[in-house]
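Asker: Need coordinates for the following:
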Amino acid sequence: MPSPTYLLFRRAILARRQVVCTYRGRRRELCPHILGHTSGEEKVLAFQFGGESAKGLPPGGQWRCLALAEVEEADIRDGPWHEGRSHLRTQLCIEVVDVDVNVPRGRRLGGARKDPPASASKS
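Answerer: I've put the predicted structure just below:
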């Protein structure tokens, strides 16, 4: 059974809406792109465009791999959709993909690992 946080991120991806949340004690502003599991753990690959980060957020934002068990106070909001400039690297955040913003609704996802966004930072 998916957690309430997982279901919230799923709704946000399907509607291409932003998520604001607290992760590891820092406020994050995100656009979630891929949702699924790695080693049984719920995870999301998201593009962080605002908020705080332990190592600082580069201008323009950065890809983040978040463990949903560590996400608190998550909420969906309206706003422009953000993504990285390049999708050249294979994402390693999520092994079993449930939802991918880049895959049209109704199309089944095939194998475990998907290629869309860039590599993710864990901070």
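Asker: most residues in a single strand of the protein, which one?
Answerer: Looking across the chain with DSSP state E, the single longest strand is strand 26-38.
Asker: Packing partners of the helix or strand just after that strand?
Answerer: Remark: after strand 26-38, the chain's next helix or strand is strand 41-51, criterion DSSP states H and E. Judged by 3 or more Cβ pairs under 8 Å, 6 or more residues apart in numbering; DSSP states H and E, strand 41-51 is in contact with helix 4-15, strand 26-38, strand 62-67. C-beta coordinates here come from the backbone N, C-alpha and C atoms, glycine included.
Asker: List the contacts of the closest residue to V97 other than its chain neighbours.
Answerer: Leaving aside its chain neighbours, V97 sits nearest to G36 (4.3 Å; criterion: Cβ to Cβ, 6 or more residues apart in numbering). Going by Cβ atoms under 8 Å, 6 or more residues apart in numbering, G36 touches 42-43, 94-99.
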